[in-house]
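Undergrad: got a predicted structure here, sequence first:
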Amino acid sequence: MKYSKINNITGWFCFVVATLTYILTLEPNVSFWDCGEFIASAFKMQVVHQPGAPLFLMIQRFFSIFAGGDVTKVAYFMNVGSAVASGATILFLFWTITALAKKTLVKGNEEISRAQLISIMGAGVVGALAYTYSDSFWFSAVESEVYALSSLFTAIVFWAILKWEAVADEPRADRWLLFIAYIMGLSIGIHLLNLLTIPAIAFIYYFKKTPNPTTSGIIKTLVVGILILAVIQYGIIQYLVSFGASFDLFFVNTLGMGFGSGVLVFAILLIAALVLGIRYSIKHQKKVLNLALLSTVLIIFGYGSFAMIIIRAKANPNLNNSAPDNAFSFLSYLNREQYGDRPLLFGPNYNSQATGIKEGKTLYRKGEKKYEVAGKKTDYEYDKVTPFPRMFSNEERHVAYYKDMMGFDDTHFPTLFDNISFLFKYQIGNMYMRYFMWNFVGRQNDDQGQGSLYEGQWLSGIKPIDGILLGNQKNLPPSIVDSNAYNRFFFLPLIIGLLGAVWHFKRNQKDAGIVAMLFFFTGIAIVLYLNQKPLEPRERDYAYAGSFYAFAIWVGLGVLAIREYLAKKLTPANAAVGATVISLFCAPVIMAAQGWDDHDRSTKMVPHDIAADYLQSCAPNAILFTYGDNDTYPLWYAQEVENIRPDIRLVNLSLFDTDWYINGMKRKQNESAPLPISMKESQYVQGVRDVMYYQDYKIAGPVELKSILDVLLSDNDEDKVPLQNGTKENFIPTKNFKLTINPQDVINTGTVPASEAANIVPAMTWTFNKGYVTKGTLAMFDILVHNNWKRPIYFASTVPSEQYNGLDNYLYNEGLALRLRPLKVDTAAGRSELINTPVLYNNVMNKFKWGNIKNARYLDPQSSDDVSIFANVLNNTVSGLIKDGKIAEAKKAAARFEEVMPTKFYGMRAMMGTDFMAENLYTLGETAKANALVEKCAAYIQKELTYLADVSESKNRFVGGQNVQLGMSFLNQMARTAAEHKQTKLAERLTTMFKGFEVRFGPYFGQQQ
């Protein structure tokens, strides 16, 4: 059988294995984070967050067709799309590895021997399957996110340049380069990762065209590769649109023509220039110019997928992030301007002091007939700056992290070397190398890692080595040994990859350097560019999957290194078979065996069910304020795709400060009527009332919210204060607000039942909790003033309390949402006791679903965090019923806790819920059950704290901070609770345990972790 046929068959075998793996472990519905937004937007062709992914949405829309009209299957088949794309990535990785292996082993037209064939195929299979079962790639392969498809396009591009290299001396070989350009253009509509292959591609081109490369040539090639990357990233993606916007500004504002006329003229001029340039290059035989111009045209063709963004934005869909329907809003969308900038080469440290504001470019917004000035882009000027600023954030939590990690006092101003040290300690060490080791060495668990020794660290499974890094590993706790993500590869995949890298550099230095270039630009270069702040809300390993792809090439080539060693003692064919078998077991097999259980999402439904529960917590036609990704995106999916509770209007408070989002709230969406917002668009457009500050006018008593709203919306100069730049701006003259209540309105709308009419307050009074008002807060005031209780108002239970704007004392828990109710404030009651018990009980017992958290084979980190949310809901239900004297119902709710909650603890927070339920069970007289739960909690705490004490003693510093404090606090509380309920022996055991840990941790209390 010919080499090419064997190569193709084996490659497709790897594709089948990978795709089957991903489909078997596939998320069955929507996932957390961006997936809900992507699925909802793909299903209805809507506009996602900046900078968009139009081609990804269109491809996913195709996969949704396989649902056959069953909206509950749409998410599944879009996830299948990611699985298939990931399987295809493995196919092209296999062909890439075999191409590199063949090029190194087989010289010229030399016939391939049987031993060489086995070695080459073995290398391809081992490397491809190792990447198949690598943690980061597998995670993205089973959900509807851009990274799977982006990886496929990256794999195609790198494979294609090797195909060009193999036929570069043949006529028309450059069609492969044009193919690469088109794929790169298309990939812009998915993710920009693909562009990072350009420097490596430049070197392949240089080495092929230059038989005798020189040092200066290599340096020039690196510079050219980076320049090409910059030209595409900035010149084509951004400046083409910027030039088009400038043309449109001139044609609309100066010549008085319609919106888009300038863009059309610019497009005609651009097309004409490219056509003339291509004709010139053909006429004068300028081959390089011709290739460059044709490549540019094809990149722009691929980039054309972004037309979908503008077309759909003009249709005003429900999800229309940034409303990029004109040249300037589209430019802002592409530039990711809503996310702000981070300094890269020069800028402030966290303790630099702002001395002034520097104005930058003029910002424009679309007016009725012309573009209007929306202000200037501004940047702070600082008293001190530094080159290469890595510690730049002045957020309090970030400053504390910088100081703790680097050991700085309050007076220290970080130097260049301090910033470089932070780069290596945190940005590379914690946010890259930790992820790299996860994939090829192993890891502790999948807890969110912020640099501690017990959460999300890498480990190998070789305890003496792990002990050097992590401290005493003798008594590993449940948070490690019971975690599905407790993966131990014993360094084997890493060793094989390093052997492959060394062998590659010895046998083919040029190709090895190219793979190293790919490894660097898709790994460390991203670290440098992202300049990440600490305390990220989620792990970011998916950003570096391209780097792990490059290392997987070397894992495959490790087969050839082992074969070369075995060939000294075995026949060539037997050495090839032996090397392949050894490498298979040391890399993909052990990775699959260890990793399967923490990537098998096939039995969990948490994102779907908790989204439905948020919605089902609300009364009909409600307004539900949300805040973050995970209390918004899955809900968008539930409404837009499965049509769950389309009567509810979701209002994301993180987006509410933008004019385009408020515009969307003033339109009907699904079955939800427009929000009662009275403001005219001219009163809140970009640049108008962006922020209005508090000026204390010493007003006695609370002021009607309607009056506050009128002052904030007034165009009268007397209702404004002068600013330093000479302009005037509205302000709030007091923080003491009130909203007069018509009791009949409240009763008629069902906000409060008639039986509680006596508890309705004549006016809600509260203290606004901020020193400024943004346009989103202004819009919320507008809703409160004009709603007249016609629509129920809720805050998702996950919304930070500062976003309640001081309304805390009127928010009542009805499940996963807090309802605004104008009832008398019980000053004796704690915040947690504001419960609308009858509604909460009905939701818990009759409406809520629980994501199969009890029986799911695996819960990802976000899903396991939500176990605590479910536990809190159930505990609130039981305690509320007990308070109301409804003991029978309380026992039913407690039984529901036992029925749906998992038996294992997903961290200390999840354990807290079980302890609270034990307290409720004691109150209900179910002492035996309560004792069992307390003993279970105590056993868990004992194992966790024993481990943390061991590590603290071995490292001679306090390790475990918050977990130690929580564990000790709950041991003490459980001992008191047991004593109060006359469980003397249990209380004594808990007290003894508590005192023992007091002794062990005593020397470290007061230390920073």
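TA: Arrived safely, thanks for sending.

Undergrad: next, residue 381: phi, psi?
TA: Torsion angles at residue 381 (phi, psi; degrees, to the nearest 10) stand at phi -100, psi 140.

Undergrad: you'd agree it is up against residue 355?
TA: Yes: shown here, residue 381 and residue 355 form a contact pair, counting by CB atoms under 8 Å, at 5.2 Å. Bear in mind the C-beta positions are built from the backbone N, C-alpha and C, glycine included.

Undergrad: more neighbours, these two?
TA: residue 381 (14 against 10; other CB atoms under 10 Å).

Undergrad: ok, and the closest non-adjacent residue to that one?
TA: Excluding its sequence neighbours, the residue lying closest to residue 381 (CB to CB, 6 or more residues apart in numbering) is residue 356, at 4.4 Å.

Undergrad: next up, phi/psi of the one you found, please.
TA: phi 180, psi -180.

Undergrad: ok, now residue 57?
TA: When read as degrees, to the nearest 10, the backbone of residue 57 gives phi -60, psi -40.

Undergrad: quick check, pLDDT for the closest residue to it other than its chain neighbours.
TA: Distances taken as CB to CB, 6+ apart place residue 42 nearest to residue 57, at 4.3 Å, with adjacent residues excluded. pLDDT for residue 42: 97.

Undergrad: ok, the residue nearest to residue 381 touching residue 380?
TA: Yes: using CB under 8 Å, residue 356 is in contact with residue 380, at 7.4 Å.

Undergrad: hmm, back to that, okay, now the residue nearest to residue 381: neighbour count?
TA: 10.

Undergrad: same deal with residue 247?
TA: Under the neighbour criterion other CB under 10 Å, residue 247 is assigned a count of 19.

Undergrad: ok, now residue 898?
TA: 14.

Undergrad: how about it, nearest residue that isn't a chain neighbour?
TA: residue 929 (8.0 Å).

Undergrad: okay, the one you found and residue 887: tell me how far apart.
TA: Applying CB to CB, to the nearest Å, the value for residue 929 to residue 887 is 15 Å.

Undergrad: what of residue 422?
TA: Residue 422 is 57 Å from residue 887, by CB to CB.

Undergrad: more crowded one of those two?
TA: residue 422 (21 against 13).

Undergrad: phi, psi of the more buried one?
TA: phi -60, psi -40.

Undergrad: circling back to that earlier point, what does the model give the residue nearest to residue 381 for pLDDT?
TA: pLDDT, residue 356: 87.

Undergrad: so how far is stretch 569-589 from its chain's centroid?
TA: 39 Å (CA atoms, centre = their mean, to the nearest Å).

Undergrad: now it: buried residues?
TA: Neighbour-count burial for stretch 569-589 flags 570, 572-573, 575-580, 582-584, 586-589 (criterion: 16 or more other CB atoms under 10 Å).

Undergrad: those in helices, which ones?
TA: 572, 573, 575, 576, 577, 578, 579, 580, 582, 583, 584 (DSSP state H).

Undergrad: with distance to residue 949 and pLDDT as added columns, please give those in TSV.
TA: What follows is these, written out as TSV (distance: CB to CB, whole Å; pLDDT from 0 to 100):
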residue	distance to residue 949	pLDDT
572	56	93
573	56	94
575	50	96
576	51	96
577	50	96
578	47	96
579	46	96
580	46	97
582	41	97
583	41	97
584	41	97
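
Undergrad: could you tell me the end-to-end distance of stretch 477-484?
TA: 13 Å (CA to CA, to the nearest Å).

Undergrad: so what touches that stretch?
TA: Contacting residues not belonging to stretch 477-484 are listed as 444-447, 454, 486, 597-598, 857-858, 904-905, 907, 940, 943-944, 946-948 [CB atoms under 8 Å, 6 or more residues apart in numbering].

Undergrad: next structured bit after the longest helix anywhere in the chain?
TA: Longest helix of the chain, by residue count under DSSP H: helix 74-105. Remark: after helix 74-105, the chain's next helix or strand is helix 114-132, criterion DSSP states H and E.

Undergrad: now that next one: how far from the chain's centre is it?
TA: From the chain centre to the centre of helix 114-132 is a distance of 34 Å (CA atoms, centre = their mean).

Undergrad: which strands and helices sit next to the next helix-or-strand element following that helix?
TA: Once helix 114-132 ends, the next helix or strand along the chain (criterion: DSSP H and E) is helix 135-141. The contact analysis (3 or more CB pairs under 8 Å, 6 or more residues apart in numbering; DSSP states H and E) places helix 135-141 against helix 3-24, helix 74-105, helix 146-167, helix 434-440, helix 545-566.

Undergrad: save these as a markdown table, and put in mean neighbour count, mean pLDDT and distance to residue 458 too.
TA: Below are the helices and strands packed on helix 135-141 laid out as a markdown table (neighbours: other CB atoms under 10 Å; pLDDT from 0 to 100; distance: least, CB to CB, whole Å):
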| stretch | mean neighbour count | mean pLDDT | distance to residue 458 |
| --- | --- | --- | --- |
| helix 3-24 | 17 | 97 | 23 |
| helix 74-105 | 25 | 97 | 23 |
| helix 146-167 | 23 | 96 | 21 |
| helix 434-440 | 24 | 96 | 3 |
| helix 545-566 | 27 | 97 | 13 |
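
Undergrad: coming back round to it: now the contacts of stretch 477-484: which count as buried?
TA: 444-447, 454, 486, 598, 858, 905, 907, 940, 943-944, 946-948.

Undergrad: looking at these, which one is closest to residue 612?
TA: Of all those, residue 612 sits closest to residue 858, with 20.9 Å by CB to CB.

Undergrad: so that closest one is in which element?
TA: Of the helices and strands defined by DSSP H and E, none includes residue 858.

Undergrad: show me the contacts for residue 545.
TA: Taking CB under 8 Å, 6+ apart, we find residue 545 in contact with 136, 137, 140, 147, 151, 522.

Undergrad: what's the answer for residue 723, then?
TA: residue 729.

Undergrad: element containing the residue lying closest to residue 754 once chain neighbours are set aside, please.
TA: Excluding the flanking residues, the one nearest residue 754 by CB to CB, 6+ apart is residue 747, at 5.3 Å. Assessed by DSSP H and E, residue 747 sits inside helix 743-748.

Undergrad: skip ahead from that helix and say which helix or strand is next.
TA: Immediately after helix 743-748, counting by DSSP H and E, sits strand 763-767.

Undergrad: pull that following strand out as CSV, backbone CA atoms only.
TA: Extracted in CSV, the C-alpha atoms of strand 763-767 (Å, rounded to 0.1, in the frame of the first residue of the first chain):
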residue,chain,number,x,y,z
ALA,A,763,-43.3,55.1,50.9
MET,A,764,-40.1,53.1,50.4
THR,A,765,-37.2,55.0,51.8
TRP,A,766,-33.6,54.1,51.3
THR,A,767,-30.0,55.5,51.1
